[in-house]
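Novice: Here you go, sequence then predicted model.
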2 protein chains.
Amino acid sequence: MCQLLGMNCNTPTDILFSFEGFHRRGGLTDHHGDGWGIAFFEGRGVRLFLDDKPAADSPVASLVRQYPIKSENVIAHIRKATQGEVNLANCHPFQREIWGQYWIFAHNGNLVEFHPDTGCYYQPVGSTDSERAFCHLLETLRQRWCQPPTLEELFAAIETLAAELRGHGVCNFMLSNGDWLFVHCSTRLHYIVRQAPFPTAHLVDDDVTVDFSTVTTPLDRVAVIATVPLTDNEYWTPLRDGELILFQDGLPLLHSVSTPPTRRVDTGGCDTDAAAKADPAQS
Amino acid sequence: MCQLLGMNCNTPTDILFSFEGFHRRGGLTDHHGDGWGIAFFEGRGVRLFLDDKPAADSPVASLVRQYPIKSENVIAHIRKATQGEVNLANCHPFQREIWGQYWIFAHNGNLVEFHPDTGCYYQPVGSTDSERAFCHLLETLRQRWCQPPTLEELFAAIETLAAELRGHGVCNFMLSNGDWLFVHCSTRLHYIVRQAPFPTAHLVDDDVTVDFSTVTTPLDRVAVIATVPLTDNEYWTPLRDGELILFQDGLPLLHSVSTPPTRRVDTGGCDTDAAAKADPAQS
């Protein structure tokens, strides 16, 4: 399946350690070789790196691994194509502007029979179900609000939209405007909040260890969210099917779990790997 | 002043040679150290690299210099801030989606007393006059057409909008959807079309020479557009005040020159360098 990585912090933080393990899943320790992307918010601006080459041997990934870009919100994605050919326009994350803010979206899953009406404000450029989902989500929000709603209104609307998308199949996604990181799970996502006293962590995908206490201050707080845990000596909290969490300043702030959709078309898609099948509670 | 670089080709081409000279103007051979950016179209997709560091010592610029990304349409910009602080959100080029296509825009100039109404479809994220101009331009097009118009209709509309913008001050810009590259001049832009028999070219900003005949086929055609010529042994055609050119497949396809605006507020802004002042025909 595709894989997602997100980070939400209370202070600009680099994602070098997590990305070191994550990017290896793009063709090296796993088979997601159909492109990748990563978005870093810096204030209201975004750096969005996309590449249709496998992350494991992408020159752009090498830059990201060597250049400690500090950000409070990051979303990364490595792709195993299900819908849409392998090309740059189909690489996640996707970016659009709404209410004078950049929003970033990445999706892991497969939405079947999902053909929303052509948007007035947002239309997909590529041919993925994922970008259609993003445009449909923004279109719905923009049709409803000309100006940014309150956080509570927004959370409720995204909860409803996530449930609608989940009715079409597997729909794990991450969505951020640079302040908030919305994370929705339908099969597999895990998160961890790191704060003082900071641990020493060891990557699953490479023999790399970092002592976070040497690179942080006691006030730092960082939430990392990933499809599959990135470290093998820390406890990662699994999200439940239908769970939506809003992270802000490195903490899960709002939370909901919607009931399973009545019409569930789950063909598995890129999520039909053995581990997902072995755990019915997560599929 | 800020500087612009554009490339439009009939076959995917790398911009390494031109960018080698251009990026040095971002803090090394010239003083445009307030960030930079470059956008490469690949099919319908875009790679957009932005950095608020000077181009001359940016790690992202190093990547672009070493990674021969091939593209049929490229827009690059190095910034000398006039309006809007130095940060990522204010770096050009800017990107939006309209009619299911990504459009890219970069601007050199200074628009004064330019405060268009808040857009229904597009709103700026940063605080530059340039992004306001881009959003106003797209807003006007989108209000007028729900679907892409013909090229002739689009050219006429952009001609009118360019004249409106020019009424607020210096307005050199480049605009592309990956097929077409619109270039508008109000003070300084030059272009060259390279095709067989290909020349040997020598950079102005560095002692680098390239024999294009060794890296091209006889059918290749490349138009390069820059604020100031990048080579010192080729003839670059200067654009006139008010000139709009549409490039396609490496050739200037459509062309117009509008009359000077009746209300011209040209405070010079970042364009008040000595060379521009010395040539009244270009200011």
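Specialist: Yep, that arrived. Quick caveat, the model's predicted, so the values are computed rather than measured.
Novice: so the most centrally placed residue in chain A is in which element?
Specialist: Centroid-nearest residue in chain A: residue A:174, 3.5 Å away (criterion: Cα atoms, centre = their mean). Assigned by DSSP states H and E, residue A:174 belongs to strand A:169-176.
Novice: what's the spacing between that strand and its chain's center?
Specialist: The chain centroid and the centroid of strand A:169-176 are separated by 7 Å under Cα atoms, centre = their mean, to the nearest Å.
Novice: Not counting its neighbours along the chain, what's nearest the residue in the stretch 101-250 of chain A positioned nearest to chain B?
Specialist: Per Cβ to the nearest Cβ, the residue of the stretch 101-250 of chain A with the smallest distance to chain B is residue A:123, at 3.8 Å. Quick note: C-beta positions are derived from backbone N, CA and C, even for glycine. Residue nearest to residue A:123 in three dimensions, not counting chain neighbours: residue B:100, with 3.8 Å by Cβ to Cβ, 6 or more residues apart in numbering or on different chains.
Novice: Run through the residues that contact the one you found.
Specialist: Residue B:100 makes contact with A:123, A:124, A:125, according to Cβ atoms under 8 Å, 6 or more residues apart in numbering or on different chains.
Novice: Repeat that for residue A:56.
Specialist: Contacts of residue A:56 (Cβ under 8 Å, 6+ apart): A:23, A:24, A:25, A:26, A:27, A:28, A:33.
Novice: can you check residue A:201 too?
Specialist: By Cβ under 8 Å, 6+ apart, the neighbours of residue A:201 are A:17, A:194, A:209, A:210, A:212, A:231, A:233, A:234.
Novice: Can I take it that the fourth one is in a helix?
Specialist: Same thing as residue A:210. No: according to DSSP: H, G, I helix; E, B strand; the rest coil, the state of residue A:210 is strand, so it is not within a helix.
Novice: Who is it paired with across the strands?
Specialist: residue A:201 (DSSP bridges).
Novice: For the stretch 101-250 of chain A, which residues are neighbours of chain B?
Specialist: Counting by Cβ under 8 Å from any Cβ of the partner chain, the stretch 101-250 of chain A comes close to chain B at A:101, A:102, A:120, A:121, A:122, A:123, A:124, A:125, A:126, A:146.
Novice: Distance of the fifth one relative to residue B:116?
Specialist: Distance, residue A:122 to residue B:116, using Cβ to Cβ, to the nearest Å: 21 Å.
Novice: for residue A:101, same thing?
Specialist: 19 Å.
Novice: what's the answer for residue A:251, then?
Specialist: Residue A:251 is 39 Å from residue B:116, by Cβ to Cβ.
Novice: for residue A:250, same thing?
Specialist: Taking Cβ to Cβ, one finds residue A:250 at 38 Å from residue B:116.
Novice: higher neighbour count, the two?
Specialist: Neighbour count, other Cβ atoms under 10 Å in any protein chain shown: between residue A:250 and residue B:116, residue A:250 has more, with 22 against 16.
Novice: and the spatially closest residue to the more buried one that is not a sequence neighbour, bridged to which residues?
Specialist: Using Cβ to Cβ, 6+ apart and skipping residues adjacent in sequence, the residue nearest residue A:250 is residue A:221, 3.4 Å away. Beta-bridge pairing of residue A:221 under DSSP bridges involves residue A:195.
Novice: So residue A:221 sits against residue A:249, correct?
Specialist: Yes: between residue A:221 and residue A:249 there is a contact under Cβ atoms under 8 Å: 6.6 Å.
Novice: Quickly list what's touching both of the two.
Specialist: Common neighbours of residue A:221 and residue A:249 (Cβ under 8 Å, 6+ apart) are A:9, A:10.
Novice: that older thread, my guess is the residue nearest to the centre of chain A contacts residue A:3. True?
Specialist: No: with contact defined as Cβ under 8 Å, residue A:174 does not count as touching residue A:3 (11.2 Å).
Novice: Mind listing the residues bridging to residue A:39?
Specialist: According to DSSP bridges, the residues that bridge with residue A:39 are residue A:48, residue A:75.
Novice: unless I'm mixing things up, it is touching residue A:46, no?
Specialist: Yes: using Cβ under 8 Å, residue A:39 is in contact with residue A:46, at 5.6 Å.
Novice: Next, count neighbours for residue A:190.
Specialist: 17.
Novice: what number of residues lie near the nearest residue to it once chain neighbours are set aside?
Specialist: Spatial nearest neighbour of residue A:190, excluding adjacent residues (Cβ to Cβ, 6+ apart): residue A:236 at 3.8 Å. Residue A:236 has 17 neighbouring residues, counting by other Cβ under 10 Å.
Novice: Where does pLDDT dip in chain A?
Specialist: A:1, A:27, A:29-32, A:260-283 (pLDDT under 70).
Novice: Report the outermost residue of it with respect to its centre.
Specialist: residue A:214 (27.3 Å).
Novice: circling back: buried subset of the residues of the stretch 101-250 of chain A next to chain B as a ChimeraX selection?
Specialist: ChimeraX command restricting these to the buried ones, with burial defined by 16 or more other Cβ atoms under 10 Å in any protein chain shown:
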select /A:102,121,122,123,124,125,126
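Novice: Which members of the residues of the stretch 101-250 of chain A next to chain B are the farthest-apart pair?
Specialist: Greatest spatial distance in these: A:126 and A:146, 27.4 Å, computed using Cβ to Cβ.
Novice: check contacts around residue A:222.
Specialist: A:7, A:8, A:9, A:10, A:13, A:193, A:194, A:195, A:250.
Novice: can you put the residues you listed in JSON lines and add distance to residue A:158 and secondary structure?
Specialist: Shown next, in JSON lines, are the contacts of residue A:222 (distance: Cβ to Cβ, whole Å; DSSP: H, G, I helix; E, B strand; the rest coil):
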{"residue": "A:7", "distance to residue A:158": "19", "secondary structure": "strand"}
{"residue": "A:8", "distance to residue A:158": "15", "secondary structure": "strand"}
{"residue": "A:9", "distance to residue A:158": "21", "secondary structure": "strand"}
{"residue": "A:10", "distance to residue A:158": "22", "secondary structure": "strand"}
{"residue": "A:13", "distance to residue A:158": "25", "secondary structure": "strand"}
{"residue": "A:193", "distance to residue A:158": "21", "secondary structure": "strand"}
{"residue": "A:194", "distance to residue A:158": "25", "secondary structure": "strand"}
{"residue": "A:195", "distance to residue A:158": "26", "secondary structure": "strand"}
{"residue": "A:250", "distance to residue A:158": "20", "secondary structure": "coil"}
